[in-house]
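S.K.: Need the 3D shape of this:
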Amino acid sequence: MAPDFPISDIKVRVVDSGSDGLMGWVSIVVANAVRLDNVALRKGTDGSLFLTYPNKVSAGGTRHPYFHPINAQAAEAIQNAVLARLASLAKAVAAPEPKDKDAK
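M.R.: This is a model prediction of the structure:
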């Protein structure tokens with residue numbers, strides 16, 4: 001069952017030289033109520049794109065997330081929305097600019 005919350009206002013900041021597959025940072029608004037910033041967009045070794053969420057690492061190496069989806073369906077919905085936004089941005093960049101018929 002798909003989550004019943006809107007995901008909007010998706011913004012992507014691409015990085016030039018990220019480590020660990022980092023391609024950029026994403027911010028989104030969930031349910032028109034909560035903004036999630038600094039979600040990492042990463043590229044896996046197989047070329048797939050995925051999201052990782054900010055966390056704090058304790059002295060013992062344990063990760064403590066600041067926020068994250070609470071189930072696989074919510075994670076998939078957020079990731080799909082971000083990937084759809086990336087696809088629309090790529091399409092806009094790849095589309096040729098319309099030629100002005102009056103330009104000489």
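
S.K.: what's the burial count for Glu76?
M.R.: 13 (other CB atoms under 10 Å). No exception for glycine: its C-beta is placed from N, CA and C like everyone else's.

S.K.: and it, helix, strand or coil?
M.R.: Three-state assignment for Glu76 (DSSP: H, G, I helix; E, B strand; the rest coil): helix.

S.K.: From Pro69, how far off is it?
M.R.: As judged by CB to CB, to the nearest Å, Glu76 and Pro69 stand 8 Å apart.

S.K.: which ones are touching Trp25?
M.R.: 12-13, 15, 37-41 (CB atoms under 8 Å, 6 or more residues apart in numbering).

S.K.: top of those residues by neighbour count?
M.R.: Greatest neighbour count in the contacts of Trp25, by other CB under 10 Å, goes to Leu41: 23 neighbours.

S.K.: and stretch 77-93, C-alpha only, in CSV?
M.R.: Extracted C-alpha coordinates of stretch 77-93, given in CSV (Å, rounded to 0.1, in the frame of the first residue of the first chain):
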residue,chain,number,x,y,z
ALA,A,77,7.6,6.9,-2.1
ILE,A,78,10.2,9.6,-1.2
GLN,A,79,12.9,8.1,-3.3
ASN,A,80,10.5,7.7,-6.3
ALA,A,81,9.4,11.4,-6.0
VAL,A,82,13.1,12.6,-5.9
LEU,A,83,14.0,10.4,-8.9
ALA,A,84,11.0,11.7,-10.9
ARG,A,85,12.1,15.2,-10.1
LEU,A,86,15.7,14.4,-11.3
ALA,A,87,14.2,12.9,-14.5
SER,A,88,12.2,16.1,-15.1
LEU,A,89,15.2,18.3,-14.5
ALA,A,90,17.3,16.2,-16.9
LYS,A,91,14.6,16.3,-19.5
ALA,A,92,14.5,20.1,-19.2
VAL,A,93,18.2,20.4,-19.6
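
S.K.: Need the contact partners of it.
M.R.: Contact with stretch 77-93 is made by 2-3, 5, 7, 10, 12, 26, 28, 30, 39, 41, 49-51, 69, as judged by CB under 8 Å, 6+ apart.
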